[in-house]
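**Student:** sequence and predicted structure, then a few things I'm wondering about:
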Amino acid sequence: MIRGSHRNSFREKGTHSPGSGRRIQRTVGSGNTVMTSSKDSTLSTGARDVSRLRVAVVGIRGIPAKFGGSETAAEEIGWRMAAAGDHVCVYCRRHNSANLEGDFRGMHRIVLPSINTFQLDTMSHSFLASLHILRTNSADVIHFHGVGNGLVLPLFLLSEKRLIVTIDGPDWERPKWGRLARYALRLGAWLAVHFADALIIDNHPARQLFAERYGVDSEYIPYGADIDKPTAKDFLAQLGLQPNSYILFVGALVPDKGPDLLLDAFASVNTDLPLVIVGDSPFFPRYRAELKRKASDDSRVMMLGYVYGDRYRQLLASAYAYVHPLRSDGTSPALLQAMAYGNCVIVNSVPEALSAVGDAALAYRRNDSNDLAAKLQQVIDQPDMAQRLREKAVERVREEYSWERVTEDHRLLFSDVLQGRIARNTRFRLRGGRQ
């Protein structure tokens, strides 16, 4: 089956070169690229119509997005789908939800409990959400975020629901997981391959891995970002920060996000610029305590904890440089948003990050804090280089990471799966794709 609807997909096992896929513009009539209209009974997306959809989102902590990349993606895609007339139901975890069920930005929230531990939070909630969907028929397409959710897919074996799983890479390789959790994640990947109607993977290296290990096709749909920068600076003033005069990190304070690498590197950088660390975690108390100890030894380091909304956007839009030291990664929304706001970006040389940034960032040797320190010193000492990287970053986001385009691709995939253009049990093999 030849499909020109989504971003580049594998034709067959092992034939794709990561990063080589190009998008096909969806055009009608005069040849202009189109998006959906919320006023039509049937929504036109590119060369064909997409009927209104009923989609459930499972596997995230909830909305509003205050927790991580998957939540940001769910909110940004979900409200745009709702505005286009789709019914979007987001399953939220009770311990992450300040209020109970209700609509948010046009999406319906269903709040369910979970076992609030590091190992069981996601899976217990996804299990209850799956049972709720089967009992209430709240959606036709279920979009799971995270490879571990493959463990609940057999619940839908006898149903007519269509199952999509978004995967950001081999989660079992992340340092935060123990042996049992890594086994469960590997099993989740196997079940996702065999029970889902389609896989979405947000980066080419992970798509290559799944093609080679499992012989499966997948859809490449990355996260998105907003180009328009906020103009307010009041939160910076409250913190005593000047625009374009601090280094920024955003992420959970867990080992696979690499804040320890950054703190070790920054200690040897010759600069008066402060290092601002945004994020926290309810887990890994000893690790977080060690991070705070290191930060307390350097008066230039500011640890802000969680920062959301306009304050978060102000910080991201006004940094001199943004550091992305993650040891394991998919396509991070925070990284893409930092690029969209014109940051000079420095990344760890993990394949997923390198694929995301292209030539629009400066990479240091993988997990090497000494080389990270050297790269930080380089961009601080060479403002002209930093400015060139900022310009490249904005251009790359304009070309690759529009939320409107990301939403369009999701709607097309959901429609294809729902209408049988992708058939269960033959869904991954030898599908043509975008060139």
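**Tutor:** Cool, the structure landed.
**Student:** for the residue nearest the centre of the chain, give me its contacts.
**Tutor:** Taking C-alpha atoms, centre = their mean, the centroid of the chain lies closest to G69, which sits 4.3 Å from it. Counting by C-beta atoms under 8 Å, 6 or more residues apart in numbering, G69 makes contact with D168, Y223, G330, S332, P333, A334. Heads up, the C-betas are built off the backbone N, CA and C, glycines and all.
**Student:** show me where the stretch 151-300 of the chain has strands.
**Tutor:** 162-167, 198-201, 219-220, 247-250, 275-278 (DSSP state E, counting those that start in this stretch).
**Student:** JSON lines for the ones you listed, including mean neighbour count, mean pLDDT and distance to R109?
**Tutor:** As requested, these are exported to JSON lines (neighbours: other C-beta atoms under 10 Å; pLDDT from 0 to 100; distance: least, C-beta to C-beta, whole Å):
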{"stretch": "strand 162-167", "mean neighbour count": "26", "mean pLDDT": "95", "distance to R109": "19"}
{"stretch": "strand 198-201", "mean neighbour count": "26", "mean pLDDT": "94", "distance to R109": "22"}
{"stretch": "strand 219-220", "mean neighbour count": "27", "mean pLDDT": "92", "distance to R109": "26"}
{"stretch": "strand 247-250", "mean neighbour count": "25", "mean pLDDT": "97", "distance to R109": "25"}
{"stretch": "strand 275-278", "mean neighbour count": "23", "mean pLDDT": "98", "distance to R109": "25"}
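**Student:** with distance to A139 added, can I get these in TSV?
**Tutor:** Output for these, formatted as TSV (distance: least, C-beta to C-beta, whole Å):
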stretch	distance to A139
strand 162-167	9
strand 198-201	15
strand 219-220	19
strand 247-250	31
strand 275-278	34
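**Student:** which of those sits closest to V379?
**Tutor:** Of all the strands of the stretch 151-300 of the chain, strand 247-250 sits nearest to V379, with 9.2 Å by C-beta to C-beta.
**Student:** how about the helices in the protein?
**Tutor:** Assigned by DSSP state H, the chain shows helices spanning 69-83, 121-136, 179-195, 204-214, 234-239, 259-266, 285-296, 309-317, 333-340, 351-357, 369-381, 383-400, 403-418.
**Student:** count the residues that sit near R94.
**Tutor:** Counted by other C-beta atoms under 10 Å, the residues lying close to R94 total 13.
**Student:** okay, the helices of the chain, which one's buried deepest?
**Tutor:** Of all the helices of the chain, helix 333-340 carries the top mean neighbour count, a mean of 26, counting by mean count of other C-beta atoms under 10 Å.
**Student:** other SSEs contacting that helix?
**Tutor:** Where contact means 3 or more C-beta pairs under 8 Å, 6 or more residues apart in numbering; DSSP states H and E, helix 333-340 is packed against helix 69-83, strand 247-250, helix 309-317, strand 321-324, strand 344-348, helix 351-357, helix 383-400.
**Student:** which residues does D140 contact?
**Tutor:** If you count contacts by C-beta under 8 Å, 6+ apart, then D140 has L53, R54, V55, E160, K161, R162, L418 around it.
**Student:** backbone phi and psi for it, please?
**Tutor:** phi -100, psi -30 (degrees, to the nearest 10).
**Student:** dump the residue contacts of D280.
**Tutor:** D280 neighbours (C-beta under 8 Å, 6+ apart): A252, L253, R288, G305, Y306.
**Student:** now it. Nearest residue, chain neighbours left out?
**Tutor:** Sequence neighbours aside, G305 is the residue nearest to D280 in space, at 4.8 Å (criterion: C-beta to C-beta, 6 or more residues apart in numbering).
**Student:** what number of residues are in the vicinity of that neighbour?
**Tutor:** 9.
**Student:** P282 is in contact with that one, correct?
**Tutor:** No. With contact defined as C-beta atoms under 8 Å, G305 does not count as touching P282 (11.7 Å).
**Student:** nearest to Y320, out of the strands of the stretch 151-300 of the chain?
**Tutor:** That would be strand 247-250 among the strands of the stretch 151-300 of the chain, by C-beta to C-beta, at 6.3 Å.
**Student:** which helices and strands sit right next to that closest one?
**Tutor:** helix 259-266, strand 275-278, helix 309-317, strand 321-324, helix 333-340.
**Student:** quick one: contacts for E71?
**Tutor:** E71 neighbours (C-beta under 8 Å, 6+ apart): I60, R61, G62, I63, A65.
**Student:** highest neighbour count among those?
**Tutor:** Within those, I60 tops the neighbour count with 29 neighbours, counted by other C-beta under 10 Å.
**Student:** one step back: now the helices and strands packed on helix 333-340 as JSON lines including distance to A363?
**Tutor:** Listed next are those as JSON lines, based on distance: least, C-beta to C-beta, whole Å:
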{"stretch": "helix 69-83", "distance to A363": "20"}
{"stretch": "strand 247-250", "distance to A363": "16"}
{"stretch": "helix 309-317", "distance to A363": "20"}
{"stretch": "strand 321-324", "distance to A363": "10"}
{"stretch": "strand 344-348", "distance to A363": "5"}
{"stretch": "helix 351-357", "distance to A363": "6"}
{"stretch": "helix 383-400", "distance to A363": "11"}
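**Student:** ok, which of the ones you listed comes nearest A181?
**Tutor:** helix 69-83 (17.5 Å).
**Student:** what mean pLDDT does the closest one get?
**Tutor:** Per-residue pLDDT over helix 69-83 has a mean of 92.
**Student:** now do the same contact list for L180.
**Tutor:** Neighbours of L180 in contact, by C-beta under 8 Å, 6+ apart: Q119.
**Student:** distance of it from G240?
**Tutor:** According to C-beta to C-beta, to the nearest Å, L180 stands 46 Å off from G240.
**Student:** follow-up on the earlier one: and which of the contacts of E71 is nearest R293?
**Tutor:** Once C-beta to C-beta is applied, the member of the contacts of E71 that ends up nearest R293 is R61, at 28.2 Å.
**Student:** which residues touch the closest one?
**Tutor:** By C-beta under 8 Å, 6+ apart, the neighbours of R61 are F67, G68, E71, C92, R93, N96.
**Student:** please apply the same query to V57.
**Tutor:** Here V57 is in contact with A74, G78, V88, C89, V90, Y91, H143, H145 (C-beta under 8 Å, 6+ apart).
**Student:** repeat that for 6 Å
**Tutor:** A74, V90, H143 (C-beta atoms under 6 Å, 6 or more residues apart in numbering).
**Student:** below-threshold pLDDT in the stretch 301-435 of the chain: ranges please.
**Tutor:** 329-330, 422-435 (pLDDT under 70).
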